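>>> model the structure of this input:
(chains A, B, C and D)
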There are 2 protein chains.
Amino acid sequence: MTSQTKAADAPGTRDRVVRAASLLMQRQGYAGTGIKQIAQEARATLGSVYHFFPGGKQELAVAAIQHGDREFAEALSEALGAHDDPAEALTALCRTLADGLSASDWADGCPVTTTALGTAGRAPDIQAAAAEAFARWRELVEQKLRASGIGAHDARDLAHTVISTLEGAELAAQVSRSERPLTAAAHHLGRLLSLYR
Amino acid sequence: MTSQTKAADAPGTRDRVVRAASLLMQRQGYAGTGIKQIAQEARATLGSVYHFFPGGKQELAVAAIQHGDREFAEALSEALGAHDDPAEALTALCRTLADGLSASDWADGCPVTTTALGTAGRAPDIQAAAAEAFARWRELVEQKLRASGIGAHDARDLAHTVISTLEGAELAAQVSRSERPLTAAAHHLGRLLSLYR
DNA sequence: GTCTATAATAGGATAGAC
DNA sequence: GTCTATCCTATTATAGAC
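You can find the predicted model right below:
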């Protein structure tokens, strides 16, 4: 056991590389991010990067997306766990997303979308990792909706729309440099959910 | 007047270049698309591309986004004009989007998002063009909602969420390679709008 | 595991003939 | 307006010493 999983204290080289890759690809996309830039940002040498990721840039992108997957899943779980009412939880999450966006001057949006979109259709590994991320987030929402008393079929469909709306609102907020899409999304998702119980 | 605007018959070199740039950047992103590739796809030479776009890749990206802006605005206007009920119009639009995605094997998503995300924060011209596109689409929806009897304030907020949800659903559909997010979005947007009249 | 050097290729952009 | 040739830089990836 070489502690691949988590390292809260003194992250190892591999972790630093993954984190740097995730952040840079989130901001600049897959093609716009160079491996040398990742190595520099992670305070690692090029040799170390290829030591941990012999598959090169593609393998690195998969790890970066999986990192973003866990990151967003944690934010989502935290919000859902802190409120009994799903609508209140989504409002809190939208606030978190809006704060993160404006604090980064609208640079840090979804940690999966930018990387996934730039490689759509031409990198099956990356596409699959992104699809798994969306599916995981959707399942978290679906479980919460079912726990709040919404029927199985409705909960499944609604989870799709909740994730779509959150993603779209974060995207629109980033492009428009405004929190408005996120506050509107929180309000309307609450209204929508109120129809189903 | 050298007919810069539209040319339904025998598109000129400039038009072919803009169209190729828009399509390629939509699929591969800004950094992932080379000017040489654009020239080749448009059956133009590199010299011609730089003749029409002396500002280089950035100027070309702005023109590509503006092209995508008009493209989506036309699809939106067509759907909104064909149905009195906004909910029915959005359902029809989601069908159009889903058909376009699956017909292109999930390659052709929003013609603005991919380009805009990959350059967020580092190319003000491109960012501004993308923001204008989102604002235009939102206004088209807002006008339709007001015409259907929804109050000014509600219509403005709802237009934000309609665009966010459409964008997010198209994104989720592309990443997941499934029409499900778009059909769910159409259904739930209809339910949401039914609360406001 | 880490580091430097380098190979092989592709990128954006320019010059100037036609 | 179109075309070709070319400059300069950056890119991914590898080799091999330590």
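
>>> CA only for contacts and neighbour counts going forward, please
OK.

>>> check the gap between the residue of chain A found nearest DNA strand C and A:A31 for me.
Here chain A gets closest to DNA strand C at one residue, A:G47, 3.2 Å apart by Cα to the nearest atom of the strand. From A:G47 across to A:A31, the span is 20 Å (Cα to Cα, to the nearest Å).

>>> repeat for A:D84
When A:D84 is compared with A:A31 (using Cα to Cα), they lie 42 Å apart.

>>> which one of those two has more residues nearby?
When A:D84 and A:A31 are compared for neighbours, A:A31 comes out ahead with 18 against 13, by other Cα atoms under 10 Å in any protein chain shown.

>>> tell me which helix or strand the residue of chain A closest to DNA strand C sits in.
helix A:46-52 (DSSP states H and E).

>>> is there proximity between the longest helix anywhere in chain A and DNA strand D?
Longest helix in chain A by number of residues (criterion: DSSP state H): helix A:56-82. Yes: Helix A:56-82 lies within reach of DNA strand D by Cα under 7 Å from any atom of the strand, at A:56-58.

>>> can I have the buried ones of the residues you listed as a PyMOL selection?
Here is the PyMOL selection string for the buried members of the residues of helix A:56-82 next to DNA strand D, based on 16 or more other Cα atoms under 10 Å in any protein chain shown:
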select buried, chain A and resi 57+58
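
>>> how about the residues of helix A:56-82 next to DNA strand D in JSON lines, adding pLDDT?
Putting these into JSON lines (pLDDT from 0 to 100) gives the following:
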{"residue": "A:G56", "pLDDT": "98"}
{"residue": "A:K57", "pLDDT": "98"}
{"residue": "A:Q58", "pLDDT": "98"}
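
>>> so which residues on chain A come close to DNA strand C?
Counting by Cα under 7 Å from any atom of the strand, the residues of chain A close to DNA strand C are A:13, A:44-48, A:51.

>>> give the burial count for A:A21, as a bare number.
30.

>>> dump the residue contacts of it.
A:38, A:60-61, A:64 (Cα atoms under 8 Å, 6 or more residues apart in numbering or on different chains).

>>> mind doing that once more with 10 Å?
With contact set as Cα atoms under 10 Å, 6 or more residues apart in numbering or on different chains, A:A21 has these partners: A:15, A:27, A:29-30, A:33-35, A:37-39, A:41-42, A:57, A:60-65, A:67.

>>> which strands and helices lie in contact with the longest helix of chain A?
Applying 3 or more Cα pairs under 10 Å, 6 or more residues apart in numbering or on different chains; DSSP states H and E, we find helix A:56-82 packed against helix A:13-28, helix A:35-41, helix A:46-52, helix A:86-103, helix A:113-118, helix A:124-147.

>>> distance to B:A98 and mean pLDDT added to those, as JSON lines?
Output for these, formatted as JSON lines (distance: least, Cα to Cα, whole Å; pLDDT from 0 to 100):
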{"stretch": "helix A:13-28", "distance to B:A98": "26", "mean pLDDT": "98"}
{"stretch": "helix A:35-41", "distance to B:A98": "35", "mean pLDDT": "98"}
{"stretch": "helix A:46-52", "distance to B:A98": "39", "mean pLDDT": "98"}
{"stretch": "helix A:86-103", "distance to B:A98": "27", "mean pLDDT": "98"}
{"stretch": "helix A:113-118", "distance to B:A98": "17", "mean pLDDT": "97"}
{"stretch": "helix A:124-147", "distance to B:A98": "17", "mean pLDDT": "98"}
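
>>> closest one to A:G190 among the ones you listed?
Closest approach to A:G190 among the helices and strands packed on helix A:56-82 is made by helix A:86-103 (4.7 Å; Cα to Cα).

>>> A:E88 against A:R191, yeah?
No: A:E88 lies out of contact with A:R191 (Cα atoms under 10 Å); the separation is 11.0 Å.

>>> who has more neighbours, those two?
Neighbours per residue, other Cα under 10 Å: of A:E88 and A:R191, the larger number sits with A:E88, 18 against 15.

>>> what's near enough to touch the more buried one?
So A:E88 contacts A:79-80, A:82, A:94, A:186-187, A:189-190 (Cα under 10 Å, 6+ apart).

>>> how close does it sit to DNA strand D?
42 Å (Cα to the nearest atom of the strand, to the nearest Å).

>>> residues in chain A within reach of DNA strand D, list them.
For chain A, the contact set with DNA strand D under Cα under 7 Å from any atom of the strand comprises A:31, A:33-37, A:46-47, A:50, A:54-58.

>>> quickly check those residues for the two that are furthest apart.
A:A31 and A:G47 (20.4 Å).

>>> where does A:R197 land on pLDDT?
Looking at A:R197, its pLDDT reads 85.

>>> and the nearest residue to it once chain neighbours are set aside, how many neighbours does it have?
Excluding the flanking residues, the one nearest A:R197 by Cα to Cα, 6 or more residues apart in numbering or on different chains is A:I150, at 5.9 Å. As a burial measure, A:I150 scores 19 neighbours (other Cα under 10 Å).
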